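1. Fold the stuff below for me.
(one chain, ligands or ions: 1)
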Amino acid sequence: MNDKPWVVTVDGPAGAGKSTLARLLAAKLGYLYLDTGAMYRAVAWAALQRGIGPEDDEAVAKLLHDLEVSLVPGKDGRCRVQVDGKDVTAQLRSPEVTRTVPLFAQIPAVREALMGWQRSWGERGGVVVDGRDMGTHVFPWAQRKFFVTASPQERARRRFRQLRRQGFAVTFDQVLREVLERDHQDETRALAPLEAASDAIWVDTTGVKVQETIRRMWSYFPRHVPRGAVGGRRP
Ligand code: CDP
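-> Sure, this is the predicted structure:
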């Protein structure tokens, strides 16, 4: 039997609960959790810092070349993000970055650069990756694929609470509008749009407790799924 640890993908729209579920699954499996949205956010954040717009191909290409983004798995399983050696995790979820990120995420050079990096994390297996195109484009060969959804109202409610906790002055209506707008941008872009892989398992988290969803997802793994050994591997 092949006991190489698996690649598990968790895709879905904003606020569906991907990162919590992916992190908990990774902990159960002893795998690394890789937050690919954080990579796109890091690029958008760095571009904003430098005053680079998504329409400036040349400046974006130079930025990708110069930028050093590292994902550092924290003790709690969350991904910390460093840009040029500085921890910028807290700044990546600002409304400004959130609004700008889909514009950078639709640029072919950005997707290509990040895909190469994501694959280098996944090639030895033992990762749970969350994002928009993990099961469709980046890891079409993943052993398990989940597509996580929830109603737009519930997704906006979760995001609203998260942002308020983090101290951002936003209203529920504003968050709902932005969640819907971002879904639309992610679903309709030409390159690697947000969509479920044909072999993905659909998971609706509307009104369902996290532990219950995890139990359901876990039921799709065989008892002897190859376990990982978090910590030893970095690309
Ligand atoms: O956490 P949330 O669902 O709000 O978003 P995220 O996972 O941090 O991703 C932020 C944005 O990055 C998305 O809205 C997409 O535009 C982009 N993204 C992407 O294009 N492909 C991925 N694999 C992950 C994120």
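2. what's next to the lowest-mean-pLDDT helix or strand in the chain, contact-wise?
-> Across the helices and strands of the chain, mean pLDDT, DSSP states H and E gives its lowest value to strand 69-73, namely a mean of 86. Under the criterion Cβ atoms under 8 Å, 6 or more residues apart in numbering, residues 32-35, 38-39, 42-43, 46, 79-83, 117, 121, 230 lie in contact with strand 69-73. In this view, the C-beta of every residue, glycine as well, is placed from N, C-alpha and C.
3. what's near enough to touch residue 89?
-> 38, 79, 80, 81.
4. Name the residues that touch the longest helix along the chain?
-> Counting by DSSP state H, the longest helix found in the chain is helix 172-188. Helix 172-188 has contacts (Cβ under 8 Å, 6+ apart) with 13-15, 95, 98-99, 102-103, 105-106, 132, 152-153, 155-157, 159-160, 163, 193-195.
5. Can I get the buried ones among the residues you listed as something I can paste into ChimeraX?
-> Restricted to buried positions by 16 or more other Cβ atoms under 10 Å, the ChimeraX selection for the contacts of helix 172-188 reads:
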select :13,14,15,98,102,103,105,106,132,152,155,156,157,159,160,163,194,195
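6. Show me the contacts of helix 172-188 that map onto helices.
-> 95, 98-99, 102-103, 105, 152-153, 155-157, 159-160, 163.
7. Please list which of those residues also come close to the ligand.
-> Residues of these in contact with the ligand (Cβ under 6 Å from any ligand atom): 102, 105.
8. Just give me the neighbour total for residue 84.
-> Residues near residue 84, counting by other Cβ atoms under 10 Å, number 11.
9. can you tell me how far it sits from residue 169?
-> 29 Å (Cβ to Cβ, to the nearest Å).
10. ditto for residue 71
-> According to Cβ to Cβ, residue 71 and residue 169 sit 29 Å apart.
11. Between those two, which is the more surrounded one?
-> Set side by side, residue 71 and residue 169 show unequal neighbour counts under other Cβ under 10 Å, the larger going to residue 71 at 23 against 8.
12. hey, what's the more buried one bridged with?
-> Judged by DSSP bridges, the bridge partners of residue 71 are residue 81.
13. Number the residues from 18 up from this point.
-> That works, and once the first residue is 18, the last one we named lands at residue 88.
14. Can you list the buried residues in the least confident helix or strand of the chain?
-> Of the residues in strand 86-90, those buried (16+ other Cβ under 10 Å) are 86, 88, 90.
15. picking up where we left off before, least confident of the contacts of residue 106?
-> The lowest pLDDT within the contacts of residue 106 belongs to residue 96, with 84.
16. Near the nearest residue to that residue once chain neighbours are set aside, how many residues? Count them for me, please.
-> Spatially, and ignoring its direct neighbours in sequence, residue 96 is nearest to residue 52 (4.2 Å; Cβ to Cβ, 6 or more residues apart in numbering). Close neighbours of residue 52, defined as other Cβ under 10 Å, add up to 24.
17. Equivalent analysis for residue 41, please.
-> By the criterion of other Cβ under 10 Å, residue 41 has 19 neighbours.
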